[in-house]
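Participant: sequence and predicted structure are below.
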Amino acid sequence: MKETPKNSQQNQKDHRKPVRRADGRETVPAIFPGKEKEHDPSRRRFLKKASKFALTASAGIFTGGYAWLWEPRRLEVEHVELRLPRLPKAFQGMKIAHFSDMHLGFHMDVSDMERLASALERQSPDLICFTGDMLEGRAEPMRECIPLLKAMKAPLGKYAVLGNHDYRGREYERLAQMYREAGFTLLVNKHVTVERAGERMAIVGLDDALNGVPDPELARKGLSKGTFALLLMHEPDYADFAKEYDYDLQLSGHSHGGQVRAPFFGALTTPRGSQKYIQGLYYTGEEGSSMPVYVNRGVGMTQLPIRFLCRPELTIFHV
């Protein structure tokens, strides 16, 4: 195995702590390469949306409404059995519910949250994790969903992190307040510890990697080495950085599984931050001796209001 030069490792660590731009749009330097997307009311934006509308209409006709009307409402509950060697005995056998990417405000509303909440209630999870992009942009669409989020029950708590879309409306404080009202703990470069039968584990949440400033060292501050740590991070490809910081499992979203997938080909496109890890279970190295990463396909949609061969997902981990 080729050894990474020390100066390269230092550069990677510096790369993980970008400074947020004054306007809050995107971190500099970018953690993931690629061109920054613009979100301004310009003619270019109008033409882009018009072309997407035409593509959506064509896709809807071509698929007989399947990708537009049927599949986006067919929530799939994925059950995943996972062996985590360092998980304390008191937590073995627990169920972790994981969902992501609601994108409330973009063809997603309280009816979609009702569908999710009903499916989640039937699973009786011990722990609930949400991995970012509750919003498409503005915070107001979340308001009517607060009672449903508040009604979600898990004895070990409910936890959330921010995604890149959660920053777009510049309404972080409103979003954070609504999470508090819903009984979710929002983790932004922070951790909490939970106890069961005298044993502890940590739930750690990082800031978004595209529009925020993730700090995996700060998030673990105060945790003793060897403490089991579950990491919540919106962008799955960040796992290749996080694996160096003693995390036991990373849960992510962001990719939507591609949202539109072709038979025998897979995802037609995925956003920056999910080029390597797209959907389902991966390992950052050899299975059994490296950090597992799970990528939830998300519940909502963005860019185009369709899903094809890529149903929305609620994941239940049996650990």
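Facilitator: Okay, I see it. Numbering: from 1, shown residues only.
Participant: am I right that Ala160 is in contact with Met142?
Facilitator: No - between Ala160 and Met142 there is no contact, the gap being 11.3 Å when judged by Cβ atoms under 8 Å. Placement of C-beta: from N, CA and C, glycine included.
Participant: identify the contacts common to those two.
Facilitator: Here Ala160 and Met142 share the contacting residues Met134, scored by Cβ atoms under 8 Å, 6 or more residues apart in numbering.
Participant: for Glu76, see how far away the residue nearest to Arg297 when sequence neighbours are not counted is.
Facilitator: Nearest in space to Arg297, with sequence neighbours left out and distances taken as Cβ to Cβ, 6 or more residues apart in numbering, is Gly257 at 3.5 Å. Counting by Cβ to Cβ, to the nearest Å, the gap from Gly257 to Glu76 is 11 Å.
Participant: what is in contact with the two at once?
Facilitator: Common neighbours of Gly257 and Glu76 (Cβ under 8 Å, 6+ apart) are Glu313.
Participant: for the closest residue to Met233 other than its chain neighbours, grab the count of nearby residues.
Facilitator: The shortest distance from Met233 to any non-neighbouring residue, by Cβ to Cβ, 6+ apart, is to Leu206 (4.7 Å). Number of residues near Leu206 (other Cβ atoms under 10 Å) recorded here: 32.
Participant: list the contacts of Leu206.
Facilitator: Counting by Cβ under 8 Å, 6+ apart, Leu206 touches 161, 187-189, 214-216, 219, 231-233, 238, 242.
Participant: how much space between it and Ala197?
Facilitator: Taking Cβ to Cβ, one finds Leu206 at 28 Å from Ala197.
Participant: same check on Leu304?
Facilitator: 47 Å.
Participant: which one's more surrounded, the two?
Facilitator: Higher neighbour count among Leu304 and Ala197: Leu304, with 19 against 8, using other Cβ under 10 Å.
Participant: inside strands: which ones of the contacts of Leu206?
Facilitator: Those of these mapping onto strands are Leu231, Leu232, per DSSP state E.
Participant: closest to Glu173 among the contacts of Leu206?
Facilitator: Minimum distance to Glu173 across the contacts of Leu206 is 12.1 Å, recorded for Val188 (Cβ to Cβ).
Participant: find the nearest non-adjacent residue to the closest one, please.
Facilitator: Asp207 (5.0 Å).
Participant: let me see the confidence value for the residue nearest to Pro305 when sequence neighbours are not counted.
Facilitator: Nearest in space to Pro305, with sequence neighbours left out and distances taken as Cβ to Cβ, 6+ apart, is His107 at 4.0 Å. His107 is assigned 90 on the pLDDT scale.
Participant: and Glu81, by the same measure?
Facilitator: For Glu81, pLDDT reads 97.
Participant: in this structure it contacts Thr315, no?
Facilitator: No - Glu81 lies out of contact with Thr315 (Cβ under 8 Å); the separation is 11.7 Å.
Participant: so which of those two has more stuff around it?
Facilitator: Thr315 (24 against 8).
Participant: so the more buried one lies in a helix, does it not?
Facilitator: No - applying DSSP: H, G, I helix; E, B strand; the rest coil, one finds Thr315 to be strand, outside a helix.
Participant: that one reaches Phe99, doesn't it?
Facilitator: Yes - the criterion here is Cβ under 8 Å, and Thr315 meets it with Phe99 at 7.2 Å.
Participant: joint contacts of these two?
Facilitator: Common neighbours of Thr315 and Phe99 (criterion: Cβ under 8 Å, 6+ apart): Asn296.
Participant: backbone torsions only: list them for Lys158.
Facilitator: Phi and psi for Lys158, reported as degrees, to the nearest 10, are phi -130, psi 130.
Participant: and it, what pLDDT?
Facilitator: Confidence at Lys158, expressed as pLDDT, is 98.
Participant: Tyr172 now?
Facilitator: 89.
Participant: could you pull out the helices for the stretch 201-319 of the chain?
Facilitator: Shown for the stretch 201-319 of the chain, the helices assigned by DSSP state H, counting those that start in this stretch span residues 216-220, 239-242.
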